[in-house]
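Q: What follows is a predicted structure for the sequence shown.
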Amino acid sequence: MTTGDISKKRAAEAAIAEVTDGMLVGLGTGSTAAFAISGLGRRIADERLTITAAGTSLATETAARAAGIPFLAFDDLATVDLCIDGADEIDPRFRAIKGGGGAMLREKIVASAATRMICIVDASKPVETLARPLPIEVLPFARAYVMGAIRALDGEPVVRPAPSDQGNLLMDCDFGPIADPAGLARALDAVPGLLGHGLFLSEIDALYIGDETGVERRERPSKP
Ligand SMILES: O=C[C@H](O)[C@H](O)[C@H](O)COP(=O)(O)O
């Protein structure tokens, strides 16, 4: 296992300690969330932990079922107790960019439905200013229109070769350092055909950062 994987696993293992009997857990997507899924599967087997889960991607559903986690379709659910998910970047105010794996549309729905959302990352993810290209999901019908809207916002969109789980287009939009994430999110939310983006500005309640030596846990400094 690489140092990065050890750090991700540490964060995930610390986060799943918050999961208790009877909880309905929203499972995130990506390599860090995968450690949470396998850890929860182990707790179900070892401790007879009784939970149910819903997922944020087809890959997560497959992994959860393989880990022996009782799994529900999210479309039948209005809330979940706890969501555990990774991030690509997160700033000191718990504003994050997600969607490196293209799952941010479902991830934001599940995170918004969660009573509590925990973000699990390795030490490479915390940043002072969000700056990596921002993933967006786009209705194929609106491809050229949305690309024009992104350029009008001083972003440069690049279309990914593979579609989202919903069959829509995924694009990574380079805006450089994002000085005003809330303003950018408002502008993106107003573009017809742009179905979702990876700016998570208010969803995350707690952050677990794993590194080579241990795990740091932070609670959200203040609600926006
Ligand atoms: O679409 C994917 C998700 O937003 C992931 O949670 C995010 O990309 C982080 O992934 P990883 O834990 O693999 O770095």
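A: Perfect, I can see it now. Keep in mind that this is a model prediction, so the values were computed, not measured. Numbers count the residues shown, from 1 in each chain.
Q: Let me know whether the lengthiest strand in the chain sits next to the ligand.
A: As assigned by DSSP state E, the longest strand anywhere in the chain is strand 114-122. No. Taking CB under 6 Å from any ligand atom as the criterion, strand 114-122 and the ligand are apart, separated by no less than 7.2 Å. C-beta: built from backbone N, CA, C; applies to glycine.
Q: buried set for that strand?
A: A114, M117, I118, C119, I120, V121, D122 (16 or more other CB atoms under 10 Å).
Q: Equivalent analysis for stretch 49-58, please.
A: L49, I51, A53, A54, G55, T56, S57.
Q: okay if I get those as a markdown table plus distance to E156, secondary structure and pLDDT?
A: Putting the buried residues of stretch 49-58 into a markdown table (distance: CB to CB, whole Å; DSSP: H, G, I helix; E, B strand; the rest coil; pLDDT from 0 to 100) gives the following:
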| residue | distance to E156 | secondary structure | pLDDT |
| --- | --- | --- | --- |
| L49 | 46 | coil | 97 |
| I51 | 42 | coil | 98 |
| A53 | 37 | strand | 98 |
| A54 | 35 | strand | 98 |
| G55 | 32 | strand | 97 |
| T56 | 27 | coil | 98 |
| S57 | 26 | coil | 98 |
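Q: from those residues, which is closest to I90?
A: Within these, the smallest distance to I90 is 17.0 Å, found for T56 (CB to CB).
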